[in-house]
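[1] Fold the following, please.
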Amino acid sequence: MRKEFKIYPQNKNRTKKIWPKILLLVLILFLLLVAGLVVSLFQASNSLMNKPGKEYNPIASHLMPRYEQLIFNPQKSDLPLYGWYFPHNDNFRGNVIFIHHNGADKLQYDLDTADLFSFLVNEGFNVFAIDLRHSGQSGGKSSAYGYAEYRDILGAMNIMYKMSGRKDFILYGIGSGTSASLFAWESLPEMISEKEKEEARPDDPLLTKQDIVGFILDTPPASAYDYIRLDLQDNSFLQKNFYSRFIPDIVRLSSNGPDINNLIPLVSHVEVPVMITRNIPDTVLGQVSCDAFISECVRIKPETSFVTETSAAGHLDGFLKDKQDYLDDLEYFLDIWF
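    Just a heads-up that it's a prediction; the model follows:
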């Protein structure tokens with residue numbers, strides 16, 4: 001008896017039901033991957049901004065020129081900040097606000113900073129060396145590479161005016177302090193309206209861009225993001241291709257900082273004298289970033305730009321590597337303009 005074999009057609013409905021499940025599973029895995037990357041991104045950003053700075057050295061206070069410790073607040077904040085106010089000797093020539101690099105404090109050069117402060121005081125400048133937020137003796141849970149710290153500078157300008165009764169501010173920034181200095185200048189109005197004058201408190205100095213009469217910038221980068229990326233550098237795939245792309249934006253946005261990363265347009269609009277100094281070669285930042293900043297500054301404002309370089313490998317330590325030449329160049333710049 002012959003057997004008959006039947007060929008049954010494939011169940012197409014069953015196949016159609018499987019594919020949506022596979023696609024859903026792939027989508028879920030993709031979303032989990034993205035969520036994990038986003039979480040890791042914010043964790044890395046938070047870790048970077050909360051990284052502790054160098055430990056404050058209380059012994060240094062005994063080696064400084066005569067000073068008064070001041071407690072002040074950033075613009076529109078009650079965060080307690082600390083600084084040392086050094087009154088000038090001889091004739092008044094200006095108010096210098098000393099702004100340290102991220103992770104440092106008002107003693108950028110440790111005990112040697114006393115020599116810099118003494119030089120400026122003896123040259124006729126009041127000096128206000130401040131601990132930016134999350135640094136030194138100041139409060140604050142995080143730092144933002146200048147994107148929040150510019151408000152600290154504005155607060156320092158306010159109290160320094162109350163102490164001296166004079167404006168004529170020279171912002172002296174080191175590293176990321178250069179970004180904070182330029183952001184502070186950019187945030188100020190060109191002039192004060194009559195309405196603002198009428199509504200101002202009696203003790204409000206009503207600062208404008210014209211109250212900043214000069215800049216001293218030690219190793220300014222072309223982009224404010226450069227110093228953030230430096231603290232992220234390693235050879236991992238995530239750091240190079242993911243973190244370095246997005247974390248600078250997160251730092252800026254989380255601090256409600258200005259929507260600026262390119263510093264060259266800022267300095268090109270500054271009409272006051274600018275001194276730029278750096279190490280050659282720079283062993284950390286490299287040459288490209290600072291070269292771009294210097295080239296454009298000198299091209300646009302050659303008559304008011306002064307560039308000096310310490311011929312010693314290093315980073316933000318030209319003052320320490322060749323102190324006398326550094327001070328000689330600083331004196332030359334100050335004598336010309338102030």
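[2] ranges for the helices of this protein?
    With DSSP state H applied, the chain shows helices at 12-49, 113-122, 150-164, 176-187, 194-199, 225-230, 237-238, 244-254, 264-269, 288-300, 318-321, 323-337, listed in chain order.
[3] Need the distance between the two termini of stretch 200-216.
    31 Å (C-alpha to C-alpha, to the nearest Å).
[4] residue ranges with poor pLDDT in this structure?
    1-17, 34, 36, 234-235, 237-240 (pLDDT under 70).
[5] What is the burial count for Met191?
    10 (other C-beta atoms under 10 Å). All C-beta atoms are positioned from the backbone trio N, CA, C, and that covers glycine.
[6] for Ser187, that is, sorry about that
    15.
[7] Can you tell me the closest non-neighbouring residue to it?
    Tyr150 (6.1 Å; C-beta to C-beta, 6 or more residues apart in numbering).
[8] about what we covered before: can you add distance to Phe215 and give the helices of the chain back as a markdown table?
    Formatted as a markdown table, the helices of the chain follow (distance: least, C-beta to C-beta, whole Å):
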| stretch | distance to Phe215 |
| --- | --- |
| helix 12-49 | 26 |
| helix 113-122 | 15 |
| helix 150-164 | 12 |
| helix 176-187 | 6 |
| helix 194-199 | 25 |
| helix 225-230 | 17 |
| helix 237-238 | 36 |
| helix 244-254 | 21 |
| helix 264-269 | 8 |
| helix 288-300 | 10 |
| helix 318-321 | 16 |
| helix 323-337 | 10 |
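[9] who wins for proximity to Val96 among those?
    helix 113-122 (5.6 Å; C-beta to C-beta).
[10] measure Thr277 to Cys290 for me?
    10 Å (C-beta to C-beta, to the nearest Å).
[11] can you check Phe30 too?
    41 Å.
[12] who has more neighbours, the two?
    Cys290 (24 against 10).
[13] OK, contacts around that one?
    219-222, 278, 282 (C-beta atoms under 8 Å, 6 or more residues apart in numbering).
[14] that older thread, any idea how far Pro221 is from the residue nearest to Ser187?
    For Tyr150, the distance to Pro221 - C-beta to C-beta - is 15 Å.
[15] And the residue nearest the centre of the chain?
    For the chain, the residue nearest the mean C-alpha position is Gly146 (2.7 Å; C-alpha atoms, centre = their mean).
[16] separation between it and Asn102?
    In terms of C-beta to C-beta, Gly146 sits 8 Å off from Asn102.
[17] before we move on, what about Gln43?
    Taking C-beta to C-beta, one finds Gln43 at 19 Å from Asn102.
[18] wait, isn't the residue nearest to Ser187 in contact with Ala184?
    Yes - Tyr150 lies in contact with Ala184 (C-beta atoms under 8 Å); the separation is 4.3 Å.
[19] For the spatially closest residue to Thr178 that is not a sequence neighbour, give me its contacts.
    In this structure, Thr178 finds its nearest non-sequential neighbour in Pro220, 3.9 Å apart by C-beta to C-beta, 6+ apart. Counting by C-beta under 8 Å, 6+ apart, Pro220 makes contact with 173, 178-179, 182, 263, 267, 276, 290, 293.
[20] hmm, 7 Å instead?
    Listed by C-beta atoms under 7 Å, 6 or more residues apart in numbering, the contact partners of Pro220 are 178, 263, 276, 290, 293.
[21] For it, what are phi and psi?
    phi -80, psi 140 (degrees, to the nearest 10).
[22] Let me see the contact set for Met127.
    Quick fix: residue 127 reads Val, not Met. By C-beta under 7 Å, 6+ apart, the neighbours of Val127 are 86, 96, 98, 117, 120-121.
[23] let's see it at 8 Å
    Residues near Val127 by C-beta under 8 Å, 6+ apart: 85-86, 88, 96, 98, 117, 120-121.
[24] Skipping adjacent residues, who's closest to it in space?
    Distance criterion C-beta to C-beta, 6+ apart; nearest residue to Val127, sequence neighbours excluded, is Phe86 at 4.2 Å.
[25] Which two among the contacts of Pro220 are spaced furthest apart?
    Pairwise distances across those (C-beta to C-beta) peak at 11.6 Å, for the pair Leu263 and Ile276.
[26] any residues in contact with both of the two?
    Common contact partners of Leu263 and Ile276 (C-beta under 8 Å, 6+ apart): 220, 293.
[27] Which one's more surrounded, the two?
    Between Leu263 and Ile276, Leu263 has the larger neighbour count (other C-beta under 10 Å), namely 28 against 23.
[28] list the contacts for that one?
    Taking C-beta under 8 Å, 6+ apart, one finds 178-179, 182, 220-224, 293 in contact with Leu263.
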